[in-house]
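Visitor: Here's a sequence, model it:
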Amino acid sequence: MPNPLRDQLTSYLTDAHSIEMQALAQLRTAPDLAGDPALAAAFRTHLTETEGHEQLTRSLLEARDASPSKLKDVVMGVGGKGFLLFARLNPDTPGKLFAHALSYEGLELASYELLARVADRAGEPEVVDAALRIRDEERTMMERLQAQVDRAFEASMQAHRHDDEAELLPKYLADAHAIEEQAIQLLERAPKLVDDPQLASVFSDHLAETRDHAELVEARLQALDGGPNRLQDAVMRLGALNWGAFFQGHPDTPGKLAAFAFAFEHLEIGGYELLQRVATRVGDGETVSTVETILAQERAAAGRIAASFDAAADASLRAVGVAR
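Guide: Model prediction:
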């Protein structure tokens, strides 16, 4: 007998495997780019864990007479290598690597939270247990990374050792403004892409905060006789439009959007952690205070998104026509 819920769970397992393939592509090179031995060690530890995650998701697929999606795996693997190239091209590679890694762990954590919920609804406890075990290791890696933020910052400053540190602050503020512009574009579209009032409300509420964040960051740039990088802002907004099109192209939009939004919050958190330390280093108390306010709201938004994972899982199943 056809079992649509089981088939959807199989599809989510192929997604999970492809996410692990991208993680492996990144983690095999990340230690060489970390710029700090403790940060490099954290990446090496998680590489071993991630190899186990890849094997476990592959085994779960084989147990249901399925296999990983070669197309998904190739696309995700190329994406992982593409980010490493981006990180290499930036002078503050360790900082960029730290923020992106924190975000990617957030994506994995959220994805396994959703996978566990769908497996529970499908009555497959073995998949639930595996998803929760991997989720816990992703959360531990996030904690490892957060414990190394000072080292990531110092490694980034070493990469800029020939530059005037005071001149770095406007650059970090411009990066933050560009990320907020991308967040605004995503959050403006997000409520229309989900068929769930709780999830839509989370996105709508954070949109108002995010507009405030962009204004606060721009005000600090102007106070430093600078301004946003309009080209950088435009590129980030375009990226957000492309992500919007990606979500619209997938029928299970609510779950994918919730996972991506959770990850994006941690990209912002990682970036603001570094910005706060730059501002502290150069003695800009106003920027430090502004960033502390924004960081608290970004962390709260991530918490609200996490609290909506049940709703996101159910909305995704409704969107693909699968009864709970």
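Visitor: hey, which helix or strand in the chain has the poorest pLDDT?
Guide: In the chain, the helix or strand scored least confidently by mean pLDDT, DSSP states H and E is helix 230-248, which has a mean of 45.
Visitor: Next secondary structure element downstream of that one?
Guide: For helix 230-248, the following helix or strand on the C-terminal side (DSSP states H and E) is helix 253-282.
Visitor: Return the list of helices and strands in contact with that next one.
Guide: Counting by 3 or more CB pairs under 8 Å, 6 or more residues apart in numbering; DSSP states H and E, the packing neighbours recorded for helix 253-282 are helix 93-121, helix 149-159, helix 165-193, helix 197-223, helix 230-248, helix 285-307, helix 309-319. No exception for glycine: its C-beta is placed from N, CA and C like everyone else's.
Visitor: can you give me the angle the second one makes with helix 253-282?
Guide: Between the axis of helix 149-159 and that of helix 253-282 there is an angle of 60 degrees, by axes from the mean of the first three to the mean of the last three CA atoms, to 10 degrees.
Visitor: sorry, back to before: name the stretch among the helices and strands packed on helix 253-282 that sits most buried.
Guide: Neighbour counts (mean count of other CB atoms under 10 Å) averaged over each of the helices and strands packed on helix 253-282 peak at helix 93-121, with a mean of 25.
Visitor: sorry, back to before: if you average pLDDT over each of the helices and strands packed on helix 253-282, which comes out lowest?
Guide: Mean pLDDT per stretch puts helix 230-248 lowest among the helices and strands packed on helix 253-282, at a mean of 45.
Visitor: and Ser11, how many neighbours?
Guide: 16 (other CB atoms under 10 Å).
Visitor: where does it sit relative to Ser18, distance-wise?
Guide: 11 Å (CB to CB, to the nearest Å).
Visitor: can you tell me which residues contact Ala223?
Guide: When contacts are counted by CB atoms under 8 Å, 6 or more residues apart in numbering, Ala223 is found next to Glu286.
Visitor: separation between it and Leu169?
Guide: Distance, Ala223 to Leu169, by CB to CB: 11 Å.
Visitor: What of Gln198?
Guide: 39 Å.
Visitor: mind checking how far Ser255 is from Ser308?
Guide: Ser isn't right for residue 255; it's Gly. For Gly255 relative to Ser308 (CB to CB), the value is 10 Å.
Visitor: Contacts only, for the nearest residue to Gly95 once chain neighbours are set aside.
Guide: Of all residues not flanking Gly95 in the chain, Ser156 sits nearest, at 3.7 Å (CB to CB, 6 or more residues apart in numbering). Going by CB under 8 Å, 6+ apart, Ser156 touches Gly35, Asp92, Thr93, Pro94, Gly95, Leu274.
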